[in-house]
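Novice: coords please:
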Amino acid sequence: MFFDLIKEYTEIPGPVGHEDLVAARMVADWTPLCERVWQNKVGNVFAKVGGSGPKLLITAHLDQINFLVKSITDDGFCWLTHGTGGSEASVPPNTAYIGQPVLVRGKDGYHPGQVGVASGHVRSAAQRAKDTIGWDDFFLDLGLSSRAEVEARGIRPGSQVIFAAETKRLGHHIVGKAMDDRVGLALMTQLARDLKGKQLEYELYFAATIEEEVGMGGSWNLVNEVDFDLAIALEIGLVGDIPTVKSSYMPTALGGGPIITHKDARIHYSEKVADRLVAAAERLEQPVQHAVFHGFATDGDSLIRMGVPTAVFTFPARYTHSPYEMIHEQDVVAMFEVMREMLLNG
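Specialist: Got it, this is the predicted structure:
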């Protein structure tokens, strides 16, 4: 039901600050399904889906995690730095990039590259003795030989670097990059398709936001467009169903149903809005999971701070912020059915 759409959305490049291709796809997909679709000045995509009643916003973000080119060496390698929240001074690198194929944004599109690190065969004793990987331990290799060749492709300090992984089925699951948060966008598109022409219990709006991965930058202006009464932020969720994570720390799992997130590292979410999701799930006899997420934040944080009661509804995922984020399609289907039930029957 969802695999094809998730694959299409996750394979559209959309690093922080350059979400244009993803935004254009949302405009194209939502325009024939919704009463009105528009973008604001910073690039957020909005849609008035339809219905009458309290003004409900469902939101997910357009951007995906990325590194940035920091500098270019004379022999054509690139040093990398944070492209999302944090800085080198305070946050260590995301080691999921090490050894991975990537795409680098240039002036005429995206160029293939590889994140390189010296192998054990050529590392010094001092390098092998290090317990951690720092920013000076890896680099971007474009297969080029000079700074001039790199710059000729429009690659410069500030160019975005994203994972190049393909989205595919793996056993019972789906694995790939940018599940965070293209699965949320896929859910919104499928809701718009299914609900077109139906009577809704809410006046329903969508928002697809920019720059969530760098401090929820796009969501701080959402209420400037519409005076929303309540909101649901759709996000990737966390699980503890792998060998190195204790269930006592994260009592959630793939295949256990969607997750209602009650609190994260920044804020408590609305129990009243969450109760509406729980009631819809109970009517469907659909299990949902409940969790507190550590080291996590969402656009729901800024919505609450702007005065909009907001719940965070998440799809369980392993290996978040990696090129191999893993989900269970049935959890996404269940998430869709719960939201559909709430929108149709309150």
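Novice: so the nearest residue to His268 once chain neighbours are set aside, which state does it fall into?
Specialist: In space, and not counting its chain neighbours, His268 is closest to His262: 6.8 Å by CB to CB, 6 or more residues apart in numbering. C-betas here are computed from N, CA, C, even on glycine. Using DSSP: H, G, I helix; E, B strand; the rest coil, the structure places His262 in strand.
Novice: right, and His262 touches Ala291 too?
Specialist: Yes: counting by CB atoms under 8 Å, Ala291 is a contact partner of His262 at 7.1 Å.
Novice: who's more crowded, these two?
Specialist: Ala291 (22 against 16; other CB atoms under 10 Å).
Novice: got the phi and psi for the more buried one?
Specialist: Dihedral angles of Ala291 (phi, psi; degrees, to the nearest 10) stand at phi -160, psi 160.
Novice: now Leu170
Specialist: phi -140, psi 110.
Novice: repeat for Gly184
Specialist: phi -60, psi -40.
Novice: which residue ranges of the stretch 201-346 of the chain form strands?
Specialist: Counting by DSSP state E, counting those that start in this stretch, the stretch 201-346 of the chain has strands at residues 203-209, 230-238, 259-263, 289-292, 310-317, 325-327.
Novice: tally up the residues packed near Val122, please.
Specialist: 7.
Novice: per-residue pLDDT, Phe3?
Specialist: As predicted, Phe3 sits at a pLDDT of 97.
Novice: residue contacts, it?
Specialist: Contacts for Phe3 (CB atoms under 8 Å, 6 or more residues apart in numbering) come out as Arg169, Ile174, Glu329.
Novice: what about it, distance to Tyr9?
Specialist: From Phe3 across to Tyr9, the span is 11 Å (CB to CB, to the nearest Å).
Novice: and what of Ala208?
Specialist: Taking CB to CB, one finds Ala208 at 11 Å from Tyr9.
Novice: more neighbours: those two, which one.
Specialist: In this view Ala208 and Tyr9 are compared by other CB under 10 Å, and Ala208 has more residues nearby, 30 against 25.
Novice: what sits against that one?
Specialist: Neighbouring residues of Ala208 by CB under 8 Å, 6+ apart: Val22, Ala23, Met26, Asn44, Val45, Thr59, Ala60, His61, Leu62, Leu185, Met188.
Novice: neighbours of the fifth one, how many?
Specialist: Same thing as Val45. Val45: 24 neighbours (other CB under 10 Å).
Novice: hmm, Thr31 and it touching each other?
Specialist: No: counting by CB under 8 Å, Val45 sits too far from Thr31 to count as a contact (10.3 Å).
Novice: which residues do the two both contact?
Specialist: What both Val45 and Thr31 touch, as defined by CB under 8 Å, 6+ apart, is the set Val37.
Novice: got CSV for the contacts of Phe3, with distance to Arg193 and pLDDT too?
Specialist: Formatted as CSV, the contacts of Phe3 follow (distance: CB to CB, whole Å; pLDDT from 0 to 100):
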residue, distance to Arg193, pLDDT
Arg169, 22, 97
Ile174, 20, 98
Glu329, 17, 97
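Novice: most neighbours out of these, which is it?
Specialist: Going by other CB under 10 Å, Ile174 tops the contacts of Phe3 with 23 neighbours.
Novice: okay, now the residue lying closest to it once chain neighbours are set aside: neighbour count?
Specialist: Closest residue in space to Ile174, ignoring its immediate chain neighbours: Ile327 at 5.3 Å, by CB to CB, 6+ apart. A count of nearby residues for Ile327, using other CB under 10 Å, gives 26.
Novice: look up the pLDDT of Ile327 for me, please.
Specialist: Taking Ile327 on its own, its pLDDT is 98.
Novice: assign Trp38 to helix, strand or coil.
Specialist: strand.
Novice: same thing with Ile174?
Specialist: What three-state DSSP gives for Ile174 is strand.
Novice: does it really touch Ala165, like I thought?
Specialist: No: using CB under 8 Å, Ile174 makes no contact with Ala165, being 11.9 Å away.
Novice: only alpha carbons, please: show the helix or strand hosting Arg193 as PDB.
Specialist: Secondary-structure element containing Arg193, defined by DSSP states H and E: helix 179-195. The C-alpha trace of helix 179-195 is given here as PDB (Å, rounded to 0.1, in the frame of the first residue of the first chain):
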ATOM      1  CA  MET A 179      12.300   7.800   6.100                       C
ATOM      2  CA  ASP A 180      12.600  10.800   8.500                       C
ATOM      3  CA  ASP A 181      10.300  12.400   7.400                       C
ATOM      4  CA  ARG A 182       9.200  11.300   4.000                       C
ATOM      5  CA  VAL A 183       7.000   8.600   5.500                       C
ATOM      6  CA  GLY A 184       5.100  11.400   7.200                       C
ATOM      7  CA  LEU A 185       4.600  13.100   3.800                       C
ATOM      8  CA  ALA A 186       3.500   9.800   2.200                       C
ATOM      9  CA  LEU A 187       0.900   9.400   5.000                       C
ATOM     10  CA  MET A 188      -0.500  12.900   4.300                       C
ATOM     11  CA  THR A 189      -0.700  12.200   0.500                       C
ATOM     12  CA  GLN A 190      -2.500   8.900   1.100                       C
ATOM     13  CA  LEU A 191      -4.900  10.600   3.500                       C
ATOM     14  CA  ALA A 192      -5.700  13.300   0.900                       C
ATOM     15  CA  ARG A 193      -6.300  10.600  -1.800                       C
ATOM     16  CA  ASP A 194      -8.600   8.600   0.500                       C
ATOM     17  CA  LEU A 195     -10.500  11.400   2.000                       C
END
